[in-house]
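Asks: Sequence and predicted structure below; questions after.
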Amino acid sequence: MATPSRLAMHGGPKAVPEGLIAKWPPISDVDRRYILDSLAGDNHAFGPNCQAFEKEFAAWNGNRHAITTNSGTAALHMSVAACGCGAGDEVIVTAYSWSSSATAILHHNAIPVFVDIDFDTMNMDVAKIEAAITPRTKAILVVHLHGLAVNMDAVLAIARRHRLRVIEDACQAHGATFRGQKVGTWGDCAAFSFNQNKSLCSGEGGMFVTNDERLLQQARMIWSFGETRTPSQTRDYHAYALGWMYRNNDLTAAFGRAQLLRLSEYIQAQRENAAVLQAELRGVKGLHLPAEPVNHGHTYYNFTCRIDAAALGYSGDVSKLRDATMVALNAEGAPVGVWQQFILPAMTVFQAKNAFGKGSPWCLAEAVNYDPAYFPVAQRHTESHFGMTTPLRSPNAAQTARAVAGAIHKVFDHLDDLMAQVDRQPRDMARGSADVAGGNGAS
Ligand SMILES: Cc1ncc(COP(=O)(O)O)c(C=O)c1O
């Protein structure tokens, strides 16, 4: 076997040359034209680009209605409210996601009830949903994490049996499919995000989608001050319900429309780059690659791997080994990072139950269990994973994916040294910088 070349962190050559990885998103003359046209217009608030964006995104995704928002979190909160989840109601959600998948439930005074994840898919374990249902359960909020759809047949069957609403957090999963059908078209309504890191980036922004006229009306009230009319209609400026200000603006929507023209190509590029990574990395000892189960069309929004300590025969602290591996990979020029270091129930807002004060909303119902020990699979995942986003994104292509795979091969060839090294190190020294999410301020 060839001797592995010296690690970049020890003075060897970088596996991923400087400047190879193109930044995200690609900006073209199309973006410039849309944005300059918006600037030349006379409505910079909820202007014509917002209305066009809603129609175009709904058509792209196969929904009857869409409302463009200033974030994915806003669209999630609108979903929770539109589905009638209110004070003291319980909403079932995965134990591992972005914080607002669960805090959006709190935003409407409802109570998140967590379900552990399935290790292979990293999504909520659908086999554990039913055990979490109580008479207070109102909805199941599924998160299609990292571009992989949840098994919606299973979720909808449970929802039908228990008469529950289904909300889809599709913030990371534009274009992901289950049995050939796009996410955001399965449940009662869904939320998408267009923040910096997303497969459709307009800087910030989001979209609420539904096929249900009544949910549309409810969501519109939440979205704009509790009013029943949109800013493009004659308004009476009357708050018919408690509302927020979740509207998008014309410039951001113009950017989103321009990017939407290439979204299908972007997703195809992510899939092709992931296929290169999968092929190049198959069989690397100690590396658990992301799964794409039958019937699922993965978009590889985030290509997330896990360190398989058992396969390595490693009995030390896997999170330390993961962190040291990331330091080595970052030095090689591979921008990997930890996406979420904490499972949701372990976050302070749930441990301290410090949402609205005076115990609200938890004081409105019976106690729910946020003991992290109840979510061992999610915990195991957070300790062992690292992921990447930018190298998967267009216009990066096979050359970039191969270089990143080369970096992973190189570092894993040195894993014995890293294992010996981390066992001697305090944790802080092994901590890597994160490109994924936290590292560049995106989620
Ligand atoms: C799974 C998930 N849900 C919700 C959100 C919230 O989206 P936004 O940042 O647009 O509010 C994000 C991203 O931040 C996410 O990754």
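Replies: All right, it came through fine.
Asks: Was I right to think Lys353 contacts Gly359?
Replies: Yes. At 6.5 Å, Lys353 and Gly359 qualify as touching, with contact defined as C-beta atoms under 8 Å. (C-beta placed from N, C-alpha, C; glycine too.)
Asks: higher neighbour count, these two?
Replies: Comparing Lys353 with Gly359 by neighbour count (other C-beta atoms under 10 Å), the higher total belongs to Lys353, at 19 against 11.
Asks: distance of that one from the ligand?
Replies: Separation of Lys353 from the ligand (C-beta to the nearest ligand atom, to the nearest Å): 21 Å.
Asks: For burial, what's the neighbour tally of the closest residue to that residue other than its chain neighbours?
Replies: Of all residues not flanking Lys353 in the chain, Trp362 sits nearest, at 5.0 Å (C-beta to C-beta, 6 or more residues apart in numbering). Trp362 has 18 neighbours, counted by other C-beta under 10 Å.
Asks: cool, Ala279 as well?
Replies: By other C-beta under 10 Å, the residues close to Ala279 number 11.
Asks: Show me what the helix or strand it falls within is packed against.
Replies: Assigned by DSSP states H and E, Ala279 falls within helix 263-281. Helices and strands touching helix 263-281, by 3 or more C-beta pairs under 8 Å, 6 or more residues apart in numbering; DSSP states H and E, are strand 303-307, helix 398-413.
Asks: quick one: buried residues of that helix?
Replies: Neighbour-count burial for helix 263-281, counted by 16 or more other C-beta atoms under 10 Å, picks out 263, 266-267, 269-274, 276-278, 280-281.
Asks: The residue nearest to Lys353: what's it in contact with?
Replies: Trp362 makes contacts with Ile111, Lys353, Ala355, Val368, as judged by C-beta atoms under 8 Å, 6 or more residues apart in numbering.
Asks: Okay, and which of those residues map to helices?
Replies: Nothing among these maps onto helices, per DSSP state H.
Asks: Can you tell me which of those is nearest the ligand?
Replies: Proximity of the contacts of Trp362 to the ligand (C-beta to the nearest ligand atom) peaks at Ala355, which lies at 17.4 Å.
Asks: Please name the residues that touch the closest residue to the closest one other than its chain neighbours.
Replies: In this structure, Ala355 finds its nearest non-sequential neighbour in Leu106, 4.7 Å apart by C-beta to C-beta, 6+ apart. For Leu106, the contacting residues are Pro112, Val349, Ala355, Phe356, Pro361, by C-beta under 8 Å, 6+ apart.
Asks: let's see it at 10 Å
Replies: Neighbouring residues of Leu106 by C-beta atoms under 10 Å, 6 or more residues apart in numbering: 77, 80, 91, 100, 112, 349-350, 353, 355-356, 360-362.
Asks: can you map out the helices along the stretch 151-300 of the chain?
Replies: 152-162, 213-223, 250-260, 263-281 (DSSP state H, counting those that start in this stretch).
Asks: and the ligand, which of these is closest to it?
Replies: Each of the helices of the stretch 151-300 of the chain was scored for nearness to the ligand using C-beta to the nearest ligand atom, and the closest is helix 250-260 (11.5 Å).
Asks: re the thing from before, TSV please, covering the helices of the stretch 151-300 of the chain and showing mean pLDDT and distance to Asn61.
Replies: Shown next, in TSV, are those (pLDDT from 0 to 100; distance: least, C-beta to C-beta, whole Å):
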stretch	mean pLDDT	distance to Asn61
helix 152-162	98	15
helix 213-223	97	15
helix 250-260	98	10
helix 263-281	98	10
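Asks: The ones you listed: which one's closest to Gln341?
Replies: Gln341 lies closest, by C-beta to C-beta, to one member of the helices of the stretch 151-300 of the chain: helix 263-281, at 23.2 Å.
Asks: Report the distance from the closest one to the chain centre.
Replies: Its chain's C-alpha centre and that of helix 263-281 lie 17 Å apart, by C-alpha atoms, centre = their mean, to the nearest Å.
Asks: just the angle between it and helix 250-260, please?
Replies: Put simply, helix 263-281 runs at 60 degrees to helix 250-260, going by axes from the mean of the first three to the mean of the last three C-alpha atoms, to 10 degrees.
Asks: Pull the contacting residues for the residue of the stretch 201-350 of the chain at minimum distance from the ligand.
Replies: Distance from the ligand to each residue of the stretch 201-350 of the chain (C-beta to the nearest ligand atom) is smallest for Gly206, at 4.9 Å. Contacts for Gly206 (C-beta under 10 Å, 6+ apart) come out as 67-76, 78, 171, 191-195, 198, 246, 248, 256.
Asks: Which residues of the stretch 251-400 of the chain lie near the ligand?
Replies: By C-beta under 6 Å from any ligand atom, no residue of the stretch 251-400 of the chain approaches the ligand.
Asks: Low-confidence regions, the stretch 251-400 of the chain specifically.
Replies: Scanning the stretch 251-400 of the chain for pLDDT under 70 picks out nothing.
Asks: do the same with the stretch 1-150 of the chain
Replies: 1-4.
Asks: Please report how far the residue of it found nearest the ligand lies from Cys171.
Replies: Residue nearest to the ligand within the stretch 1-150 of the chain (C-beta to the nearest ligand atom): Gly72, separated by 2.8 Å. Gly72 sits 4 Å away from Cys171, going by C-beta to C-beta, to the nearest Å.
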